[in-house]
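Q: Here is my input; please provide its structure:
(one chain, ligands or ions: 1)
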Amino acid sequence: MYTNPAGSYLLPSKVDGVASFRVRAYGFADSTQRLPGANTGRIVLLHHAGRLEYSNDLPASAHAATIKWEDARIRSDSVSQCQFCHQFGYMWTRRTKTEDQWATVISRMEGYGSVITWEDGREFRRILAASFKENPVETVLTPDVSLELPRAKVRERSFGTGINYVHDVEAGKDGKSYGVDMSVDHLWIFDPRTNKMEDLKLPENGLPL
Ligand code: HEC
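A: Alright, predicted model coming up:
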């Protein structure tokens, strides 16, 4: 449940009893409140106590942006061979580790299906160990939520067949959405104005995905 821009919320319910809410907002500490039903509750959040707490609230991408890649090719291999499964930079993936600990994690990831070169392996563990030290990231997040969002309607559309697997979808500046199909290495492009879906074959890069 989200609040409106003034911070108010409404939870219509026919269920009696006490509701437990965990309230979250960027820049503030989480707060859990228990409110009796049919009641108006006022919830006050406290600002984070320090820089580390602010930093921990940032999205994974803010932490991933601190990775000091030195070579575009190695960075690109990490995108294609690590980040097709998960991002870098969320709490679990950014814990401080020695190079040896990174080597153990990376070989576990190879067991899951990551295909990397010897050089990738050496560079990933060196750069990730040097970059992720659990120091606070100084970026400030400026929440940018469209006021149209609370009135948004979701429309689903089916495409492809059972074999197709679009992993992530991005909204383009041109109003179209783009999704990469991991099963067949295609790009699906949907234009909501025409309701048309096209698909393009991605160029070969010699890697399985
Ligand atoms: C096939 C999917 C997949 C790929 C590819 C993959 N991961 Fe993971 N990763 C996972 C899963 C699932 C977990 C959680 C389970 C675990 O930790 O074993 C995980 C967890 C992690 C963690 C947190 C666990 C820890 O012990 O610190 C790190 C860091 C990580 N991955 C790094 C990488 C790196 C670096 C690569 C590329 C070399 C990579 N991953 C590629 C699926 C994947």
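Q: quick one: which helix or strand includes residue 190?
A: strand 186-191 (DSSP states H and E).
Q: who touches the nearest residue to residue 28 once chain neighbours are set aside in this structure?
A: Nearest non-adjacent residue to residue 28, counting by CB to CB, 6 or more residues apart in numbering: residue 45, 3.8 Å away. Every residue, glycine included, has its C-beta placed from N, CA and C. Residues near residue 45 by CB atoms under 8 Å, 6 or more residues apart in numbering: 23, 25, 28, 29, 31.
Q: And for the second one, nearest residue in space, chain neighbours not counted?
A: Using CB to CB, 6+ apart and skipping the chain neighbours, the partner closest in space to residue 25 is residue 45 (5.8 Å).
Q: how does the protein divide into domains?
A: What the record gives for the chain is the domain set 18-47, 54-131, 149-201, from automatic domain parsing.
Q: and of those domains, who's closest to residue 142?
A: With CB to CB as the criterion, residue 142 lies closest to domain 18-47 of these, at 9.3 Å.
Q: before we move on, back to that, mean pLDDT for the domains of the chain: which is lowest?
A: Mean pLDDT is lowest for domain 18-47 among those, at a mean of 83.
Q: mind checking the end-to-end distance for it?
A: 26 Å (CA to CA, to the nearest Å).
Q: Tell me the buried residues in that domain?
A: 23, 28 (16 or more other CB atoms under 10 Å).
Q: quick one: the residue nearest to residue 25 and residue 2, what's the gap?
A: Applying CB to CB, to the nearest Å, one obtains 15 Å for the distance of residue 45 from residue 2.
Q: cool, residue 52 as well?
A: Distance, residue 52 to residue 2, using CB to CB: 26 Å.
Q: Compare those two (neighbour count), which wins?
A: residue 52 (13 against 8; other CB atoms under 10 Å).
Q: What residues does the closest residue to the more buried one other than its chain neighbours make contact with?
A: Residue nearest to residue 52 in three dimensions, not counting chain neighbours: residue 136, with 4.8 Å by CB to CB, 6+ apart. Residue 136 makes contact with 51, 52, 54, 55, according to CB under 8 Å, 6+ apart.
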